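# Just the structure for this:
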Amino acid sequence: MKRDERSWSFVLGSSTNNAVFEDEDEDEDDESRTSNIQSRHLERCPPKADPPPAETQNMELRMNTKDREILRDLAKRVVEIADSPEMAERRRRWVEHNTLRSTYPMLLVFPEGAWCELLTDDAIKCSDKRARGFEYNLRARIDAFEHFRDDMVVEKEWVVSKRIKDTGWGLDPLWIPSPTARGARHFDPVIKEPSDLKKLRYPEVSYDEAGTMEDMKEIEDLFGGILTIPFRGVTHLSYHIMSQYTSLRGLEEVMMDMYAEPRMLHDAMAFFEEGHHRILRQYVDMNLLSFNNDLTYHNSGGNGYSDELPLPDADPARVRPKDMWASAEAQEMAQVSPEHHDEFVLQYEKRLLAPFGLLGYGCCEDLTRKLDRVLTIPRMRRISISPWSNVDSCAEQLKGKCIFSWKPNPAHLVGHFDEAAVREYVRHTVTAARANGCVLEMILKDTHTCEHQTERFDEWTRIAREVILEEWGETAGQRDNGTTGLPFDSAQGKQDH
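Have a look, this model is predicted:
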């Protein structure tokens, strides 16, 4: 049965917080946006009403009594799910996974662009435009819990994010839009010669405390007494400096610059590196960082649950970068040699990641030939293994050194759904990972459409779960050495940087 044929009478709520609604493939000029893994489910697919609110900002919650009742009932269902023994077990398993103490595979599903096919606009019952966005967010989380056989954690909270802005980088990208909905857009470069780099500016960060307090008051009025309402600053720190620059210079132009204008490219990377260092210093000076060892979306899939972070001497009232996860990627360099990748972007990313406690790298790019270089980054914990990667080679290289964050090919959800082919495809990676002692997670994402065959998500996750059970059984395997690999000084409670 397709999901749009199901009754929604049983759907009364699902889990947690708020997030960045952004494409991980694009730059994050404003890192103030808080990212939560569950809301990442909803990216790229807004309902006809307002998109599900990622963070609670500039809200005027003037809604009628019926809408309010719908949302509060959904919130109560959230609490039921979050308080279940199953959720407690999932949290425990994620901690074991993220600390490399368990090699039992973990599974997450992010429908992303296909959400508007799974959860249609007519399933939303609220009438107020903003209330419909809230409802969409809650119902989507419930639907994922009720149908996907994955390991998503549901928390009984709604995060209010601090209103943090910056002044930008001096130049904004110009795009030639696609004539078709959700089609590819083209670069219209605004940096055409080396002298144009002088037009760039370092961002200045600002924080609207009064506005944030208004947001908190409004959400407490709506969900108070049901959901917990944490108050958080910056939790998602991920660097995409090559994406930033190509959006201004053009991808083809950057490819040519590696040979024709290497100095210009290095100057640009150095500028963005320094700019992000300055942003981080402002976050620290203004006390805008928050812990992210929780459901916060990390890297290009996964979460931050960990008992290694924050560090033993951490102060919750004054969060430091070394108490946090962070990540970087450079998909634009996918077809570039390891040497050029290292020269033109990785060396800059290493320095940006240096202040943080645990790290991730990669997204949709094939890192098969570059893993040895990525693994030189201290405290690397999660590496993305894209659909284009050689999983056998990657498994042999990674072993149990860090999380093998595998991104299965989402194309299996379109066209003819071949269950046998999907099963063997998943089994190949699971067996390769197990043979090499890898800490495997499977992150099904970038599903821009399922061609309205919404049952395919259920089928895919069922197949993946069956393969895991066939290969591993039901007991999560613990690593023999029980070590975490994180360089703590246990005597002083400090981390080795």
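
# can we go C-alpha only for contacts and neighbour counts from here?
OK.

# just the helices in the stretch 51-200 of the chain please.
65-82, 85-98, 115-118, 129-147 (DSSP state H, counting those that start in this stretch).

# Dump the first one to CSV, restricted to CA.
As requested, C-alpha coordinates have been extracted for helix 65-82 and formatted as CSV (Å, rounded to 0.1, in the frame of the first residue of the first chain):
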residue,chain,number,x,y,z
THR,A,65,-7.6,26.5,18.7
LYS,A,66,-8.0,23.5,16.4
ASP,A,67,-4.5,23.9,14.9
ARG,A,68,-3.1,24.3,18.3
GLU,A,69,-4.7,21.1,19.5
ILE,A,70,-3.4,19.2,16.5
LEU,A,71,0.1,20.3,17.1
ARG,A,72,0.0,19.6,20.9
ASP,A,73,-1.4,16.1,20.2
LEU,A,74,1.4,15.5,17.8
ALA,A,75,3.9,16.6,20.4
LYS,A,76,2.4,14.1,22.9
ARG,A,77,3.0,11.3,20.4
VAL,A,78,6.6,12.6,20.2
VAL,A,79,7.0,12.1,23.9
GLU,A,80,5.6,8.6,23.7
ILE,A,81,8.0,7.5,21.1
ALA,A,82,11.0,9.3,22.7
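
# Which elements pack onto that helix?
Here helix 65-82 touches helix 129-147, helix 209-223, going by 3 or more CA pairs under 8 Å, 6 or more residues apart in numbering; DSSP states H and E.

# Those: lowest mean pLDDT?
Comparing mean pLDDT across those, the weakest is helix 129-147, with a mean of 89.

# by how many degrees do that helix and helix 65-82 diverge?
30 degrees (axes from the mean of the first three to the mean of the last three CA atoms, to 10 degrees).

# lowest-confidence helix or strand of the chain?
Counting by mean pLDDT, DSSP states H and E, the chain has its least confident helix or strand at strand 488-489, which shows a mean of 30.

# which stretches of the stretch 151-300 of the chain aren't confidently modelled?
Along the stretch 151-300 of the chain, segments meeting pLDDT under 70 are nowhere present.

# which residue is nearest the middle of the protein?
For the chain, the residue nearest the mean C-alpha position is residue 297 (3.8 Å; CA atoms, centre = their mean).

# where's it relative to residue 392, distance?
According to CA to CA, to the nearest Å, residue 297 and residue 392 sit 27 Å apart.

# Who's the closest spatial neighbour of residue 199, skipping the chain neighbours?
What sits nearest to residue 199 in space, not counting adjacent residues and going by CA to CA, 6 or more residues apart in numbering, is residue 170, at 6.2 Å.

# burial count for that neighbour?
Neighbour count of residue 170, defined by other CA atoms under 10 Å: 12.

# Could you do residue 387 as well?
When counting by other CA under 10 Å, one arrives at 17 neighbours for residue 387.

# Helices of the stretch 251-400 of the chain, start to end?
Applying DSSP H, counting those that start in this stretch to the stretch 251-400 of the chain gives helices spanning 251-260, 262-285, 338-341, 347-353, 371-374, 391-398.

# closest to residue 243 out of those helices?
helix 251-260 (8.7 Å; CA to CA).

# what angle sits between the helix or strand encompassing residue 431 and helix 391-398?
For residue 431, the host element (DSSP states H and E) is helix 419-435. With the same axes, to 10 degrees defining the directions, helix 419-435 sits at 20 degrees from helix 391-398.

# what comes up buried for helix 419-435?
Within helix 419-435, the residues scored as buried using 16 or more other CA atoms under 10 Å are 422-423, 426-427, 429-434.

# Columns distance to residue 78 on top of those, output as TSV?
Output for the buried residues of helix 419-435, formatted as TSV (distance: CA to CA, whole Å):
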residue	distance to residue 78
422	32
423	32
426	31
427	33
429	34
430	32
431	36
432	37
433	34
434	35
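
# how about a markdown table for the residues you listed, with pLDDT and distance to residue 109 added?
Listed next are the buried residues of helix 419-435 as a markdown table, based on pLDDT from 0 to 100; distance: CA to CA, whole Å:
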| residue | pLDDT | distance to residue 109 |
| --- | --- | --- |
| 422 | 98 | 15 |
| 423 | 98 | 16 |
| 426 | 98 | 14 |
| 427 | 98 | 17 |
| 429 | 98 | 17 |
| 430 | 97 | 17 |
| 431 | 97 | 20 |
| 432 | 98 | 21 |
| 433 | 97 | 19 |
| 434 | 96 | 21 |
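
# from the chain's centre, how far out does stretch 351-360 sit?
Its chain's average C-alpha position is 16 Å from that of stretch 351-360, according to CA atoms, centre = their mean, to the nearest Å.
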